[in-house]
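Undergrad: after the sequence you'll find the predicted model.
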Amino acid sequence: MPRYEYRCRTCGDTFELNRPMAESGAPADCPAGHDDTVKLLSTVAVGGGSKSAPAPRAGGGGGGGCCGGGCCS
């Protein structure tokens, strides 16, 4: 189940809730009982056990532009 992060506008606390995606926009009460909360935009870090691909080089050369270089000259 996804975890969503919220901030209480009354006390400033940040808290997380596990809830279904269908309920992600539903109001959430802060643990202190306040109901003036806002859902925060969270980033997700994904780690892996394999070596990552090298970063693309600046200046082009080798494709990878728009649509893999197929639509650019």
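TA: That came through fine. Numbers count the residues shown, from 1 in each chain.
Undergrad: kindly check the end-to-end length of stretch 7-21 for me.
TA: 18 Å (Cα to Cα, to the nearest Å).
Undergrad: list of residues touching it?
TA: Stretch 7-21 has contacts (Cβ atoms under 8 Å, 6 or more residues apart in numbering) with 1-6, 26, 28, 30-32, 34, 36-38, 40. Backbone N, C-alpha and C define where each C-beta goes, glycine included.
Undergrad: for it, list every residue counted as buried.
TA: Cys8, Phe15, Leu17 (16 or more other Cβ atoms under 10 Å).
Undergrad: so which strand or helix has the second one?
TA: Okay, so that is Phe15. Element membership for Phe15 (DSSP states H and E) is strand 14-18.
Undergrad: I'd like the next helix or strand past that strand.
TA: strand 37-39.
Undergrad: re earlier: just the buried ones from the contacts of stretch 7-21, in ChimeraX syntax?
TA: A single ChimeraX command is used to select the members of the contacts of stretch 7-21 judged buried by 16+ other Cβ under 10 Å:
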select :4,6,28,30,37
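Undergrad: ok so, going back, is it possible to get JSON lines of the buried residues of stretch 7-21 that adds distance to Ala45?
TA: JSON lines is the format used below for the buried residues of stretch 7-21 (distance: Cβ to Cβ, whole Å):
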{"residue": "Cys8", "distance to Ala45": "25"}
{"residue": "Phe15", "distance to Ala45": "20"}
{"residue": "Leu17", "distance to Ala45": "19"}
